[in-house]
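A.B. asks: missing the sequence, but the structure's below:
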């Protein structure tokens, strides 16, 4: 029998001496069709968006809308420690005032969540007439200058001159708050701990309304919200969830999730606009209808060069919400407004459209209220003049996440049921394997296959089989399968059959641009990127097991390593073993390294750190 060992040694030596220069080329050849990954994501996510149910009775809608409000607040906004933030009193500190011509600008700061303060400005008519005064909450978008942005100052000054209490606060990451810790993509660090990273954003708006209504002259029956872009998102979000808002005009700020899947580069939106699990309960069509019968004017720009352009964003919202406004015999209270000025703007025409809307519903009996904007070029102040001092060591989104993570220690034995629940395990089945190419390089047989999962996803597999292979290894990498030539060569030399995979969001399966926005959308619609990716790996492993027996999984990089560990922890039948190269040292790493969701969406799986760390995943995989 010695001759068998000699033949094996000679075969191994032949493999070691083989020329593997072809590997780079083979790994870089596309398996999927052009844009296939993007189109599958658009169809998959678009098909999961909830429609408004057919409701033909006002009482039934009232009940449905209130149920939605409760679900969104309890199960999206105020999860985890955010539930305790919800009931804390609104702390506000009033500071100095800047005089103006017919108004004054009063500075204040307020505590959004414990230790995190934001600056605010009140443009107050001066002298202030006795009696009740309308209130407008002006919310800002992604303007770098924040509250100092000229067009925002112009609108607030005009409102004050017209007899309105105009409030404006500094949004996270903008103007005075333009520091890395307030970047919106860091709110997902809070999500990882099981507390909603959306909560500070909503509480910033809700507490501003609290403060506005504390004013002795504020009229609670005439409180409006308006803003552009991210301010438009804030407008619809807080107006739908807080009935104290009596009129709203969002400008180029939102669209349906279905629309967003079709215009991803323009509309998908940041972490706060696509929050975890919102889409499980409501689309933005629902939020629009939830304002009924309060006046709502949805404004969009026809020549918008940013997002939410009028020609595609506005109509689906109006079509969905009109039947609900009709239930209240108030179809005229739902309006669409299209502005034709160039660009992404809340300029003069949009301003006067808002003033006209206010006139109709808040100032109908005031003949002196003009819908025309007054030019105020000499009254625009600098950022330094408007700056509001904040407490030393003010908290930010990152420091809040760090604090929350310190208190988390997984307790009790880990269970697969809990892991399945957290990652929203999809249990994909392979429904078709479509061979693309079959060829040979020396003694290695190369098969390219498109593996269909549930007729929803297609994952690209490249199978490389050396002679007399001794087992199967499924490999993947953070940088995609095309980067694994050296690693695969070593596996082939050790007589392993190698199958490469690019799961959702990696390599060939990435979207063409701004791909992290699709990952945010997945989480908002009730899935998890980590669950999708690990589910695809597990499905591929099951398919391979039927052909060759159990497989081992090897992942290169922290992101695919976590995917491999989750897949191995749940799919213990088909995955016989796993190995990770350059993995995370802990699930706390994304927080402690101050990473953002843009870099690695699957690492921010909501609540994963509450119940698991890597040792618990490894324990499950070994059972």
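C.D. replies: Nice, I can see it. All values reported here derive from a predicted model rather than from experimental measurement. Numbers count the residues shown, from 1 in each chain.
A.B. asks: From here on, just use CA atoms for contacts and neighbour counts.
C.D. replies: OK.
A.B. asks: so for the top helix by length along the chain, what's the average pLDDT?
C.D. replies: Longest helix in the chain, counting residues (DSSP state H): helix 529-548. For helix 529-548, mean pLDDT rounds to 97.
A.B. asks: Now do the buried residues in it.
C.D. replies: 529-545 (16 or more other C-alpha atoms under 10 Å).
A.B. asks: Equivalent analysis for stretch 338-350, please.
C.D. replies: Counting neighbours by 16+ other C-alpha under 10 Å, one finds that the buried residues in stretch 338-350 are 338-339, 341, 343-350.
A.B. asks: Please list the members of those that lie in strands.
C.D. replies: Among these, the members falling in strands (DSSP state E) are 338-339, 341.
A.B. asks: Could you tell me what pLDDT the model assigned to the residue lying closest to residue 605 once chain neighbours are set aside?
C.D. replies: Distances taken as C-alpha to C-alpha, 6 or more residues apart in numbering put residue 192 closest to residue 605, at 5.6 Å, once the chain neighbours are dropped. What the model reports as pLDDT for residue 192 is 98.
A.B. asks: what about residue 192, distance to residue 64?
C.D. replies: Separation of residue 192 from residue 64 (C-alpha to C-alpha, to the nearest Å): 30 Å.
A.B. asks: which of these two has more neighbours?
C.D. replies: residue 192 (25 against 15; other C-alpha atoms under 10 Å).
A.B. asks: which SS class is the closest residue to residue 121 other than its chain neighbours?
C.D. replies: Nearest residue to residue 121 in three dimensions, chain neighbours excluded: residue 107, at 4.8 Å (C-alpha to C-alpha, 6+ apart). Classification of residue 107 using DSSP: H, G, I helix; E, B strand; the rest coil returns strand.
A.B. asks: ok now the very next helix or strand once past the longest helix of the chain, how far from the chain's centre?
C.D. replies: Downstream of helix 529-548, the first helix or strand assigned by DSSP states H and E is strand 551-556. In terms of C-alpha atoms, centre = their mean, to the nearest Å, the centre of strand 551-556 is found 29 Å from the chain centre.
A.B. asks: pLDDT on the very next helix or strand once past strand 551-556, on average?
C.D. replies: Going down the chain from strand 551-556, the next helix or strand is helix 558-570, by DSSP H and E. Averaged across helix 558-570, pLDDT comes to 98.
A.B. asks: again with stretch 174-185
C.D. replies: Per-residue scores along stretch 174-185 average to 97.
A.B. asks: circling back: kindly reformat the buried residues of stretch 338-350 as JSON lines containing distance to residue 587.
C.D. replies: Converted to JSON lines, those look like this (distance: C-alpha to C-alpha, whole Å):
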{"residue": "338", "distance to residue 587": "47"}
{"residue": "339", "distance to residue 587": "47"}
{"residue": "341", "distance to residue 587": "48"}
{"residue": "343", "distance to residue 587": "42"}
{"residue": "344", "distance to residue 587": "39"}
{"residue": "345", "distance to residue 587": "41"}
{"residue": "346", "distance to residue 587": "42"}
{"residue": "347", "distance to residue 587": "46"}
{"residue": "348", "distance to residue 587": "49"}
{"residue": "349", "distance to residue 587": "50"}
{"residue": "350", "distance to residue 587": "47"}
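A.B. asks: I'd like the list of the residues you listed that fall within helices, please.
C.D. replies: Using DSSP H, the subset of the buried residues of stretch 338-350 located in helices is 348-350.
A.B. asks: could those go into TSV alongside pLDDT?
C.D. replies: Output for those, formatted as TSV (pLDDT from 0 to 100):
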residue	pLDDT
348	97
349	98
350	98
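A.B. asks: which of these lies closest to residue 56?
C.D. replies: Nearest to residue 56 out of these is residue 350 (C-alpha to C-alpha; 33.9 Å).
A.B. asks: Residue 336 is in contact with the closest one, correct?
C.D. replies: No - Residue 350 is beyond contact range of residue 336, at 11.9 Å (criterion: C-alpha atoms under 8 Å).
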